[in-house]
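Student: need the 3D shape of this:
(one chain, ligands or ions: 3)
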Amino acid sequence: MTAVSDAATVASRLRAIEGVGRDRRRGGYSRHVFTTAERELREWFAERAAACGLDVEPDGNGNVWAWWHPCPRGDAPAVVTGSHLDSVPGGGAFDGPLGVISALCAVERLRASGFRPARPLAVVAFAEEEGGRFGVPCLGSRLLTGAIEPGSALRLTDGDGDTLADVAARAGLRPERMGPDADLLARIGVFVELHVEQGRGLVDLDSPVALGTSIDPHGRWRLSITGRGDHAGSAALADRRDPMVPAAHAVVAARQAARAASHDGARATVGRLEPSPGGSNAIASRVDVWLDARSADGNVVRQVVAEVCAAAGRSAEQEGCELEVFAESWSEATRFDPLLRARMRGILGDLPELATGAGHDAGVLAAHVPAGMLYVRNPTGISHAPAEHAEPEDCESGVEALTRVLSELAGSTGADGADGTGGNGSW
Ligand code: GLV
Ligand code: MN
Ligand code: MN
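Tutor: Ligands and ions are numbered 1, 2, ... in the order given. I've put the predicted structure just below:
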């Protein structure tokens, strides 16, 4: 990693980590929780946060917090910002790191301006937001808030069959202590996450930054189809029990169900298909099909999933295979706090607002504290792929917006300790 100056831009901070976790096979980045790459990013984050005078405190669930305490040290609930450092397999450089880096840049700029918060201000890097290693998205924020039962989280396995409990213990966590942290949650007064936009909304609106309004309900299901492993050349077609055939029907059914007129606006995706043993000259004995389904209406999501499972089940029966369906994760609809949104609009002026189908830790936090989001324009709208992008000047507009929001929400005691910009004590 290269050294960067104190007056860093978002682009220079992104350059500092551009070599970490590159995926030579897939392209882009694979930075999964507690891998070498992701740990390197955590260390980088801790170093940068400490360099700007923040107190770095990992929590018991794998999330890393960096605190700016007011002086004299008060115990008012904090203004928290941040995002995540992990990626999807072969993901882009912005999803996650942009929010963490923008948060650090905002804190640096506030410090450089002489601002002193009237209440604690914290930057957080949440663990396993993408669920790229253990399958459940926003795992760190779910554990913190109790949105996932710790026992079932600890039993989750990665691609090598290692449990979260084992991997977390190797990373220095105490698995028996993982789970809801009411004390830490009570320290959060308000949470604002900045994120690269994951669609073309801001291109169409011709604006570098937008305010988030809501997150669609979404979830992941795993269709595990068991057949009989055999030889690709010698097993007669009539004798085969090939789980790849119902898996293929599931893929097609996902598109058909999402497209159906009654499911207008729904998305259903199979992006992960795992045949076992996975030999090109072997009929698989099992295939796991991961179905991701989303819609503004949770009932539509459930209907889409039911249709896909029914299609896969019919095909499995014809093929002599068994189908089991596991609900791996579910996120209810999020509506970001209307008062916080109004406050952010008051601070930032006339800003477009966007609803999204992408999940975020802010959505998990929103069930417990006022939460809001800022999106930064993505010129192609492509995300979860190496082509994900945001122009440097748009990233700077994002930091500027975040800096203004944080300074207003955290208030200021001014350099002389006198009450300054009048932060809202209710957050
Ligand atoms: C996270 O970006 C998700 O929505 O899957
Ligand atoms: Mn993502
Ligand atoms: Mn993200």
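
Student: now do the same contact list for residue 59.
Tutor: Applying CB atoms under 8 Å, 6 or more residues apart in numbering to residue 59 gives the contacts 65, 144, 181, 184. C-betas here are computed from N, CA, C, even on glycine.

Student: so which of those residues sit within helices?
Tutor: 144, 184 (DSSP state H).

Student: which of the contacts of residue 59 sits closest to residue 327?
Tutor: Minimum distance to residue 327 across the contacts of residue 59 is 21.5 Å, recorded for residue 144 (CB to CB).

Student: distance check, that closest one against ligand 3.
Tutor: 16 Å (CB to the ion, to the nearest Å).

Student: tell me the pLDDT of that residue.
Tutor: Predicted confidence (pLDDT) for residue 144: 98.

Student: circling back to that earlier point, for the contacts of residue 59, pick the one with the most neighbours.
Tutor: Neighbour tally across those (other CB atoms under 10 Å): the maximum, 30 neighbours, falls on residue 144.

Student: and the gap between that one and residue 284?
Tutor: According to CB to CB, to the nearest Å, residue 144 and residue 284 sit 38 Å apart.

Student: repeat that for residue 316.
Tutor: 13 Å.

Student: swap in residue 61?
Tutor: 36 Å.

Student: for residue 376, same thing?
Tutor: Relative to residue 284, and taking CB to CB, residue 376 is found at 42 Å.

Student: which of those two has more neighbours?
Tutor: With neighbours defined as other CB under 10 Å, residue 376 and residue 284 compare such that residue 376 has more, 27 against 23.

Student: give the contact list for the more buried one.
Tutor: Neighbouring residues of residue 376 by CB under 8 Å, 6+ apart: 94, 98, 102, 194-197, 202, 208-209, 390, 394-395, 397-398.

Student: give me the pLDDT for it.
Tutor: Value for residue 376, per-residue pLDDT: 98.

Student: is the helix or strand where residue 355 lies up against ligand 3 anywhere?
Tutor: Per DSSP states H and E, residue 355 falls inside strand 353-356. No - Strand 353-356 lies out of reach of ligand 3 by CB under 5 Å from the ion, never closer than 10.5 Å.

Student: all helices for the stretch 201-350 of the chain, in order.
Tutor: 201-205, 244-259, 298-319, 338-348 (DSSP state H, counting those that start in this stretch).

Student: ranking these by burial, who's on top?
Tutor: helix 244-259 (a mean of 20; mean count of other CB atoms under 10 Å).

Student: just how off-centre is it within its chain?
Tutor: Its chain's C-alpha centre and that of helix 244-259 lie 26 Å apart, by CA atoms, centre = their mean, to the nearest Å.

Student: name the residues that touch it?
Tutor: By CB under 8 Å, 6+ apart, the list of residues contacting helix 244-259 reads 223, 225, 227, 263, 266-270, 273, 275, 283-284, 287, 289, 291, 293, 303-304, 307-316, 319, 321, 323.

Student: could you give the angle of that helix to helix 298-319?
Tutor: If you take axes from the mean of the first three to the mean of the last three CA atoms, to 10 degrees, helix 244-259 sits at 150 degrees to helix 298-319.

Student: restrict helix 244-259 to CA atoms and write it as CSV.
Tutor: Extracted in CSV, the C-alpha atoms of helix 244-259 (Å, rounded to 0.1, in the frame of the first residue of the first chain):
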residue,chain,number,x,y,z
MET,A,244,-28.4,-30.0,-12.9
VAL,A,245,-31.6,-30.4,-14.9
PRO,A,246,-33.9,-29.1,-12.1
ALA,A,247,-31.3,-26.5,-11.3
ALA,A,248,-31.5,-25.2,-14.9
HIS,A,249,-35.3,-25.1,-14.6
ALA,A,250,-34.9,-23.0,-11.4
VAL,A,251,-32.8,-20.5,-13.3
VAL,A,252,-35.3,-20.1,-16.1
ALA,A,253,-38.2,-20.0,-13.7
ALA,A,254,-36.6,-17.2,-11.7
ARG,A,255,-36.5,-15.0,-14.8
GLN,A,256,-40.1,-16.0,-15.8
ALA,A,257,-41.5,-15.4,-12.3
ALA,A,258,-39.8,-12.0,-12.0
ARG,A,259,-41.0,-11.0,-15.4
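
Student: residue 78 touches residue 123, doesn't it?
Tutor: No - Residue 78 is not in contact with residue 123 according to CB atoms under 8 Å; the separation is 10.2 Å.

Student: angles on the backbone of residue 136, please.
Tutor: In this entry, residue 136 is assigned phi and psi values of phi -100, psi 120 (degrees, to the nearest 10).

Student: my guess is it contacts residue 156. True?
Tutor: Yes - counting by CB under 8 Å, residue 136 does reach residue 156; the two are 6.2 Å apart.

Student: quick check: residues of the stretch 51-200 of the chain near ligand 1?
Tutor: The stretch 51-200 of the chain comes close to ligand 1 at residues 130, 137, as judged by CB under 6 Å from any ligand atom.

Student: cheers, nothing more for now.
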